[in-house]
Structures are given as C-alpha cells and as structure tokens.
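K.L.:
I need the structure of the sequence given here:
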Amino acid sequence: MAELVDAHDSKSCLARGESSILSSGTMSKFIVWGGKPLKGTYVVSGAKNAGPKLPITALLSKEKCIFHNIPRISDTYRAIDALTSLGCKVRFLDKNIIEVESLEINSSEIPLEAMTARQSVLFIGATLARTGKVIFYPIRGDAIGKRPLNRHLEGIKALGGKVLEHDNKIEISMPKRPKSTIYTFEKNTHSGTENLILASVFNEGKVILKNAAAEPEVDNLINCLNDMGAKIKRIEQRTIEIIGVTPLLRGVNAYSIYDRLEAATAIILSIMTGGNITVKNVSRELLEPLIETLKKIGVEIGFKKNTAKINKINKPLKPTEIITDWYPGFMTDWQPLMTLLLAYMAKGKSTIHERIFETRWRYLAELQKMGLKHDLFHPKGYGAKFYNFNDSEYNAKETYGANVFGPTKLQSAELNSHDVRAGIDMLLASLLAPGKSIINDPANHIDRGYENIVEKLNALGADIKRI
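P.N.:
Residues are numbered from 1 along each chain as shown. Prediction:
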C-alpha cells in the first residue's frame, strides 16, 4: 500500500520508524564499543547528493513522476516538505520509491527549514521554471565552508532573472521563457550547475553552460530531465547545452545512482578492519581516483559486476600526498576517510591538500583525542585561483594543508561531529578503537548522510547504539 507523506509533521516520520533523525531540534548521540571484528556484505544506498534532488524535477511537469532508489534521509524529507508546501502531492510507493504529482502549484516560497538541506537550492531553478518567481531564505553555511550562492544568482541573472534581496530573504523573478545565453561559471559549482539546468529547460532557444560541473550526480539529473522531454546534452566534459522546450515536461520513472561516497566509506572501513567486508552497489568508474590512490599505497580491490571486495592489503601502507579536486579528481568528501586510513595504517608522513572547502580540518582536532598525530600548514606557491571557494574567502595565512603521521593505535574517546563526512569518520575511528567511544552529533550529520547506518554496521558485527 502506498504511504502518504505528511511532510509538515516530522514526528509522523519518526513514528514510521525512520532511522534518520528528521527534527533538527533533536540531538543524536552514538555509543560505540570498538575493536570488534567486522565481516559480511554492506549494501550501498541511493546517493545522498543525487536521490533527494530528483523529486524536485517533478515541479516541471503536471503528470505523475516516480523516483526510485531514493534514500530515506533527512535531506529527502526536507525536499518532500518543500514540495508539499508548494502544493505538490507526495507519497511513498515503497521504502525507497517516491511518487510526486505537481498538478497545481499554489506557492513560490521555499520554507526556511527546507533550505538547510544542500539540495534544496535546486528549488530556486525548478520553481522559477514552473512559476516564474521564487522566494527563499539564504542557505546556511556549515563547518566545512560557506557554499556561496553567488555563482547561482549570477547565472540566473544571465537568463534574464531579476534578483531582489530584502528582509533576510531573496526574491527572484524570471521570464516565462528564459533568454538564450552562453554563461561561464567562474569556478566549479555542483549545485549551481544543476540549478541553472533546471532554470534553463524552458528557455526560448539555446543555453550553453561553460565550466559546468562534471559530477555523475549532475548527469543523473540531466538523464532524468531528458526522460521527461528536456533536451540537454554534455557537448564537452565541462560544457552543457540546453535546447529550450515548450512547458511543461511529461511524467517519468527515474532512478537515483548509488552513493559513491557511501561506497568509499564501506571500502575504507573494510581495509581498516582486515578486508572481510564485501560492498554491494558499487560503480568502479565513479571510484577510479580513489581506487588508484588505494593501489598506490598498497591496497588491491577486486570488482565483480557491482560488487567490490578487498583482494590484498600490503601492510604497512605507504604514505602519500592527496590533493582534492572537482570531478573527475579526488573528491573532497573522500578526504577525511583517506586521512583516517593513512593515519591508521600508513607508515610515515602523508600530506593532504584541501582545495574545495576552506575550513575542513576540525575533525582532526577531534581525532587527536583518539591519538591521531597531525600538523596543519599553508601550502606555499598556491594562490586564490588554485582553490574552488570564492577568491574573497582565500586567506594567505589559512591552513589548507595537513600532514598526518602513522601508523596510529587509536584509543576510545568522546567526540563531537561537525559535518557529515567528519561524523562518519569519527564513527569509523570509534569502530577501530577498543573500548567505549561516544560521538555527539548535535545537527544529526551522520544520519543526514547515511541511510540506516547503525543498522548496516551492526549487521557486520559492530556494537553501536543511537540514543
């Protein structure tokens, strides 16, 4: 039986037994008894950075749209909350299948709470495409960086949009058919690219986006829109062409890709615990930079269809240097995981250079409580243009580099999570350290990024309690 969603009542979501903590006022705490052997099969869910975005495309159609492999995490429920507030009807057809019908849209204002989720910025482009206007509140930053909106708004202005900021909110109006244009992003922006795509679908001729993000999650969104009748193609790796079509699009059956971040998490956990965890729903192609780095330091991974298993671990692992980059480079979200692995198992000094987010080292101070040794430094010879955050955020004295030293015998501790990837890093470290560790997660970052993570890890032999 289909499950109707009352997205305005997060308590009703909790009552249905969701593992994600959906109320931002409820703090998560994890009690972990570490040092236990782990083995079995870890099943990766739909992508956090793709799945919750797909239902937003339903705003571009009056027909029923069905979205498969959508993770039940708080970002998904925040997207649902925004959709229902605009007038859409949303229901779960199955655990990870959502149906959205956007027959009548009765509002153009995005709720403030919805905008705390990263993917909710896509409501800007989608709502503009459907109603010609949108009202929203500025997106909050987080512990790893500011996620600026300027690259989105400049692109919307290039399409003919008019942006007005007042009373702590932003109002944008857009012509029914945005104008043809060639727009070049100043720097890589994942969600900015997706936002401009959504806003451009009904343009009056042709829109070209240059220096556009090349991440697979962007292509997942493009494929969904094309299945709905849009005309979008990547004519070069970082150039996207959008031929305008007449409003509106048709209904769709669309699928989220699997989460390459969760896959990396499970693979690295398997390495650190002896290689006895098989990881299912893995795309080797999307993990290639990670696989090459792991091979370089002494880890061989075998792939059979969509399953990954550790074939060989040459201990101790070799230290290395990692420089984060936009796709197809080494992901910033893999960085905390690799840093932990190198500190735990590599012999000597490894160097990590963070280019995507300006403040991503807070987790190292937490892991220091567990015995991790590190020092921070400002990389010499690199200026603002080398980094992906806004030039104005660059600081010639900021520590964008870190050295970590291994191997490390981790000890249990009480830790504080500051962001999604830092939180999962602490959870993995706690699984390695013998004894009782506590992770305080005030903003519920771990549950926000990983569907049923406690249940999945406990099924492998872990001893984790969420309280």
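K.L.:
Can you give me the end-to-end span of stretch 194-206?
P.N.:
Looking at stretch 194-206, the gap from its leading to its trailing residue is 16 Å under the measure CA to CA, to the nearest Å.
K.L.:
any idea of the mean pLDDT for that stretch?
P.N.:
The predicted model gives stretch 194-206 an average pLDDT of 98.
K.L.:
So for that stretch, what gets flagged as buried?
P.N.:
Along stretch 194-206, these residues count as buried under the neighbour rule (16 or more other CB atoms under 10 Å): 194-203. No exception for glycine: its C-beta is placed from N, CA and C like everyone else's.
K.L.:
same check, this time on stretch 81-99
P.N.:
Buried positions in stretch 81-99, judged by neighbour count with 16+ other CB under 10 Å: 81-86, 88-90, 92, 96-99.
K.L.:
among those residues, which are in strands?
P.N.:
Residues from the buried residues of stretch 81-99 lying in strands, with DSSP state E as the criterion: 89-90, 92, 97-99.
K.L.:
Would you state the helices of the stretch 151-300 of the chain in chain order?
P.N.:
Secondary structure of the stretch 151-300 of the chain (DSSP state H, counting those that start in this stretch): helices located at 190-200, 216-227, 260-272, 288-297.
K.L.:
out of those, which comes closest to Ala462?
P.N.:
Nearest to Ala462, of all those, is helix 260-272, at 9.4 Å by CB to CB.
K.L.:
Isn't Leu54 up against Asn223?
P.N.:
No - Leu54 is beyond contact range of Asn223, at 9.9 Å (criterion: CB atoms under 8 Å).
K.L.:
Spell out which residues are contacts of both of these two.
P.N.:
By the contact definition CB atoms under 8 Å, 6 or more residues apart in numbering, Leu54 and Asn223 are jointly contacted by Ala254.
K.L.:
So the two - more neighbours on which side?
P.N.:
Applying other CB atoms under 10 Å to Leu54 and Asn223 shows that Leu54 carries more neighbours, namely 33 against 17.
K.L.:
OK, contacts around the nearest residue to that one once chain neighbours are set aside?
P.N.:
Of all residues not flanking Leu54 in the chain, Phe67 sits nearest, at 4.6 Å (CB to CB, 6 or more residues apart in numbering). Contact partners of Phe67, counting by CB under 8 Å, 6+ apart, are 51, 54-55, 58, 97-100, 254-256.
K.L.:
hang on, the earlier thing: can you tell me which of the buried residues of stretch 81-99 is closest to Lys318?
P.N.:
Taking CB to CB as the measure, Asn96 is the one of these closest to Lys318, at 39.2 Å.
K.L.:
roughly how far apart are Leu112 and Ala126?
P.N.:
Applying CB to CB, to the nearest Å, the value for Leu112 to Ala126 is 18 Å.
K.L.:
More neighbours: the two, which one.
P.N.:
The residue with more neighbours, out of Leu112 and Ala126, is Ala126; 28 against 13, by other CB under 10 Å.
K.L.:
Surely the more buried one touches Pro55?
P.N.:
No - assessed by CB under 8 Å, Ala126 is found out of contact with Pro55, at 10.0 Å.
K.L.:
For the stretch 51-200 of the chain, give me the ranges with low pLDDT.
P.N.:
139-148 (pLDDT under 70).
K.L.:
same thing but at 80, please
P.N.:
Residues of the stretch 51-200 of the chain meeting the criterion pLDDT under 80: 116, 118, 138-148.
K.L.:
Next up, the contacts around the closest residue to Lys29 other than its chain neighbours.
P.N.:
Leaving aside its chain neighbours, Lys29 sits nearest to Ile467 (5.1 Å; criterion: CB to CB, 6+ apart). The contact partners of Ile467, taken as CB under 8 Å, 6+ apart, are 29-31.
K.L.:
Contact partners for Lys369?
P.N.:
The contact partners of Lys369, taken as CB under 8 Å, 6+ apart, are 413-415.
K.L.:
hmm, which of those residues are the buried ones?
P.N.:
Once neighbours are counted (16+ other CB under 10 Å), the buried part of the contacts of Lys369 comes down to 413, 415.
K.L.:
What about the contacts of Lys369, which are in strands?
P.N.:
Cross-referencing those with the strands (criterion: DSSP E) gives 414-415 as the overlap.
K.L.:
circling back to that earlier point, list only those of the contacts of Ile467 flagged as buried.
P.N.:
Applying 16+ other CB under 10 Å to the contacts of Ile467, the neighbour count classes Phe30 as buried.
K.L.:
between the contacts of Ile467, which is nearest Asn311?
P.N.:
Distance to Asn311 across the contacts of Ile467 (CB to CB) is lowest for Phe30, with 31.2 Å.
K.L.:
Tell me which other helices or strands the helix or strand harbouring that closest one touches.
P.N.:
Assignment of secondary structure by DSSP states H and E places Phe30 within strand 28-34. Packed against strand 28-34 by the contact rule (3 or more CB pairs under 8 Å, 6 or more residues apart in numbering; DSSP states H and E) you find helix 420-432, strand 435-441, helix 445-449, strand 464-466.
K.L.:
how close does the residue most central in space within the chain sit to Asp325?
P.N.:
Against the mean C-alpha coordinate of the chain, by CA atoms, centre = their mean, the closest residue is Asn49 at 3.7 Å. Distance of Asn49 to Asp325, computed by CB to CB: 16 Å.
K.L.:
same thing with Ser180?
P.N.:
Taking CB to CB as the measure, Ser180 falls 32 Å from Asp325.
K.L.:
One more: Ala79?
P.N.:
For Ala79, the distance to Asp325 equals 28 Å [CB to CB].
K.L.:
Which one's more surrounded, the two?
P.N.:
Residue environment comparison for Ala79 versus Asp325 gives the larger neighbour count to Ala79, 27 against 16, counting by other CB under 10 Å.
K.L.:
which non-adjacent residue is nearest the more buried one?
P.N.:
Nearest non-adjacent residue to Ala79, counting by CB to CB, 6+ apart: Pro52, 4.8 Å away.
K.L.:
so Gly302, which of the three states?
P.N.:
strand (DSSP: H, G, I helix; E, B strand; the rest coil).
K.L.:
check contacts around it.
P.N.:
Counted by CB under 8 Å, 6+ apart, Gly302 has contacts 308-311.
K.L.:
Those in strands, which ones?
P.N.:
Among the contacts of Gly302, the members falling in strands (DSSP E) are 308-311.
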